[in-house]
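Participant: okay, here's the prediction I keep looking at, along with the sequence it came from:
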Amino acid sequence: MNGLAAATSISLILLAILYLQNTLGLPPCPLCIFQRIGFMAVALVLLIAALHGPGTRGVRVYGGLLLVAGLVGAGVALRHLWLQWSPPTTVAACGPGLQFMLDNYALSDALNAVFQGSGDCSDQHWSFLGFSIPGWSLIWFMLFSAYGALLALWGHVVPPARQRSD
């Protein structure tokens with residue numbers, strides 16, 4: 001199950017890069033890049049868990065890590081959605097790119113600027129079934145978070161069936 005979930009997360013990253021960025025020509029905004037990093041963190045936790053094959057205690061640890069990675073990613077996606085839903089006058093104009101900020105600002109200043117948002121982050125260039133890119137990211141991060149919560153609470157997704165005594 002962890003291998004399938006890891007493959008799903010990796011597929012979402014590839015969809016963003018190969019289809020949205022390279023085919024449609026949509027450059028990622030700084031918050032999109034942070035959401036990609038969130039999906040990479042989710043995939044990494046799941047991939048290590050799948051390769052490790054831990055016992056119940058280890059599954060709970062990996063579940064907790066997955067829950068944290070999913071919730072952080074969901075928080076970034078929520079911030080991105082908030083910027084898209086805000087009136088254009090409340091969002092800052094397009095600012096410098098993420099790489100420029102990381103090269104020239106202290107990390108805390110660069111992160112603060114990213115989460116303040118820019119015109120790039122508030123634009124909605126693509127949607128599917130009524131959801132924008134951060135909307136779909138939020139849905140997937142919440143699914144991964146729910147999966148992580150199940151693993152953290154029970155040590156497995158489905159409680160084992162009770163054995164019948166004949």
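Facilitator: Looks like it arrived, so ask away.

Participant: ranges for the helices of this structure?
Facilitator: Using DSSP state H, the helices of the chain run over residues 2-14, 30-52, 56-85, 98-104, 107-116, 119-122, 133-154.

Participant: which of those has the lowest mean pLDDT?
Facilitator: When these are compared on mean pLDDT, helix 119-122 scores lowest, with a mean of 59.

Participant: neighbours around the closest residue to Ala6 other than its chain neighbours, how many?
Facilitator: Nearest non-adjacent residue to Ala6, counting by Cβ to Cβ, 6 or more residues apart in numbering: Leu46, 3.6 Å away. All C-beta atoms are positioned from the backbone trio N, CA, C, and that covers glycine. Leu46 has 28 neighbours, counted by other Cβ atoms under 10 Å.

Participant: and His125, by the same measure?
Facilitator: When counting by other Cβ under 10 Å, one arrives at 13 neighbours for His125.

Participant: check the one 4 residues further on too.
Facilitator: Burial of Leu129 is recorded as 6 neighbouring residues (other Cβ under 10 Å).

Participant: could you do the one 5 residues further on as well?
Facilitator: Around Pro134 there are 25 other residues, counting by other Cβ under 10 Å.

Participant: right, and the residue nearest to Ala6 touches Met40 too?
Facilitator: No - counting by Cβ atoms under 8 Å, Leu46 does not reach Met40; the two are 10.8 Å apart.

Participant: common neighbours of those two, please.
Facilitator: Shared contacts of Leu46 and Met40, defined by Cβ atoms under 8 Å, 6 or more residues apart in numbering, comprise Ser9.

Participant: for Gln21, find the nearest of the helices of the chain.
Facilitator: helix 30-52 (8.9 Å; Cβ to Cβ).

Participant: quick one, which of the helices of the chain is nearest to Thr23?
Facilitator: That would be helix 2-14 among the helices of the chain, by Cβ to Cβ, at 11.6 Å.
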